[in-house]
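Chemist: here are the coordinates; sequence isn't available:
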């Protein structure tokens, strides 16, 4: 087995969480069950990786098998890296057709020796490819946002709900009229119309870069003479940002509806925004 292949496999094993090594090696299905049983998964990962490499050397693993192992790792442990989305477009007059994936895969393999971007464009017969302003740790959520497939189950982080006050323990004045019931109903309706009833795709942040000029009536002010725009960066972060945004108005933390700059994230398929002067 080539030393480059051996090093590639070793580095891949070192990236895998200890609890997932056995599972991923079985999915890989390159080593036999009897060979897998000889690997002591209780030892340090460096030793585990060396044991795997030695077994792979006996079976003369190729770069193809090593690449498959790396793909399985990234599919199983998706949140170990930030995924970047690219958008491919056809030449003018050509329609997008993703129905025949087998033909796409066959064509992709033929041109795989080229650079990845060129391979994608050639295999799919696309005119150009560009990086989208959309990134996340969660590949399934990125796919759902890009292809508008929101109504599905996502690996999610559940926010702790606000504890409701114990109404039985309270002394309620019977003269108090609950005038906020209609407002609560309005907030729930607006939230449902904005976000839907399904669990939101999972992203961890949204970044807004503001570039605006200072406006003042003071002609002699230093700021009024400044030609360069002011620049600032605002970043919203959460283990599950869209679900957090969805809960703001019902929790009484924000007014409903929220700003379109926050609610447009899945519809525009963006979580990097630049706001400039019109």
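Modeler: Yep, that arrived. Here the structure is a predicted model, which is why all the values come from computation and not from measurement.
Chemist: which stretches in the stretch 51-200 of the chain count as strands?
Modeler: 83-89, 128-136 (DSSP state E, counting those that start in this stretch).
Chemist: quick one, which of the ones you listed is nearest to residue 240?
Modeler: Residue 240 lies closest to strand 128-136 among the strands of the stretch 51-200 of the chain, at 10.8 Å (Cβ to Cβ). All C-beta atoms are positioned from the backbone trio N, CA, C, and that covers glycine.
Chemist: ranges for the helices of the stretch 101-250 of the chain?
Modeler: 101-110, 116-124, 139-146, 181-195, 241-248 (DSSP state H, counting those that start in this stretch).
Chemist: just want the angle from the last one to helix 139-146.
Modeler: In this case it means helix 241-248. Here helix 241-248 runs at an angle of 70 degrees relative to helix 139-146 (axes from the mean of the first three to the mean of the last three Cα atoms, to 10 degrees).
Chemist: and the next helix or strand past helix 241-248?
Modeler: helix 260-263 (DSSP states H and E).
Chemist: for the helix or strand that comes right after that following helix, buried residues please.
Modeler: Following helix 260-263 in sequence order, the next helix or strand is helix 265-268 (DSSP H and E). Of all the residues in helix 265-268, those buried under the rule 16 or more other Cβ atoms under 10 Å are 265, 266.
Chemist: what's next to helix 265-268, contact-wise?
Modeler: 145, 150, 200, 201, 203, 206, 241, 242, 271 (Cβ atoms under 8 Å, 6 or more residues apart in numbering).
Chemist: who touches residue 70 in this structure?
Modeler: 8, 12.
Chemist: same check, this time on residue 57
Modeler: 1, 6.
Chemist: look up how far residue 47 lies from residue 28.
Modeler: Distance, residue 28 to residue 47, by Cβ to Cβ, to the nearest Å: 19 Å.
Chemist: these two - which one has more neighbours?
Modeler: Shown here are residue 28 and residue 47; by other Cβ atoms under 10 Å, residue 28 has more neighbours (19 against 13).
Chemist: hmm, that one is touching residue 68, no?
Modeler: Yes - applying Cβ atoms under 8 Å, one finds residue 28 in contact with residue 68, separated by 6.6 Å.
Chemist: redo the helices of the stretch 101-250 of the chain as CSV? Include mean neighbour count, distance to residue 277 and mean pLDDT.
Modeler: Shown next, in CSV, are the helices of the stretch 101-250 of the chain (neighbours: other Cβ atoms under 10 Å; distance: least, Cβ to Cβ, whole Å; pLDDT from 0 to 100):
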stretch, mean neighbour count, distance to residue 277, mean pLDDT
helix 101-110, 12, 43, 71
helix 116-124, 16, 33, 71
helix 139-146, 20, 28, 90
helix 181-195, 14, 28, 89
helix 241-248, 20, 26, 94
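Chemist: which one, of those helices, ends up nearest to residue 86?
Modeler: helix 116-124 (7.8 Å).
Chemist: name the nearest residue to residue 271, ignoring sequence neighbours.
Modeler: Distances taken as Cβ to Cβ, 6 or more residues apart in numbering put residue 206 closest to residue 271, at 4.5 Å, once the chain neighbours are dropped.
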